[in-house]
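**Q** Fold the following, please.
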Amino acid sequence: MRRKKIILPNEKILSLLEERIMAGEAVRLPVRGYSMSPWLLDGRDTVILHPVDPAGIVVGDVILYRWKDAFLMHRVVEIKGAHNRPACGLPEGASGGLPQYFICRGDALQTSELVPVSDVIARAGLPAHSPRTLRMRRVRGWLQRVRGLLRWVWESVWRLLRK
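**A** Predicted coordinates:
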């Protein structure tokens, strides 16, 4: 007997997942959206969300966080507000305190979000992709954009000819 695949809206499922993550469990989540393209693609990739201590997040990590009335999963591109003082056992110049904000951005986006530490929910374990796979995903995305542009031009010309 085949199982039906049910796709739920992110808002409904993510609040339940947040509870499980806060209880210390790792959770598997299929990716929705294209903001992390080509690394993560809608409906094709799955990530494992792990509970995380904000002090352990480094630039390059992908994190799940609350953003306005939704949840986003983007890459940390900068960390703001960590104290640059030696702490117990840390060498000079090492971060001795919690960061106050993370600056995050989707790999396919130009805009960034300023994320307070309190809004971070989990760190995402990403699937391993070969350089060839990533290159093919980039080419496929580029071809889809060209196809969309050609379709728009064709429909515009067709509308003009029909008048």
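**Q** Next SSE downstream of the longest strand along the chain?
**A** Ranked by residue count, the top strand of the chain under DSSP state E comes out as strand 70-80. For strand 70-80, the succeeding helix or strand toward the C-terminus, using DSSP states H and E, is strand 101-105.
**Q** Mind listing the strands that following strand pairs with, and their directions?
**A** Within its sheet, and counting by DSSP bridges, strand 101-105 is paired with strand 70-80 (antiparallel), strand 113-116 (antiparallel).
**Q** so which of the ones you listed gets nearest Arg151?
**A** Arg151 sits nearest to strand 70-80 of all the strands paired with strand 101-105, at 29.2 Å, using C-beta to C-beta. Any C-beta I mention is one placed from the backbone N, CA and C, and that applies to glycine too.
**Q** Buried ones in that closest one, by neighbour count?
**A** For strand 70-80, the neighbour count (16 or more other C-beta atoms under 10 Å) marks Phe71, Leu72, Met73, His74, Arg75, Val76, Ile79 as buried.
**Q** which ones are touching Leu64?
**A** Applying C-beta atoms under 8 Å, 6 or more residues apart in numbering to Leu64 gives the contacts Leu49, Phe71, Leu72, Met73, Val120, Ile121, Ala122, Arg123, Ala124.
**Q** Identify, from those residues, the entry nearest to Glu113.
**A** Leu72 (6.9 Å).
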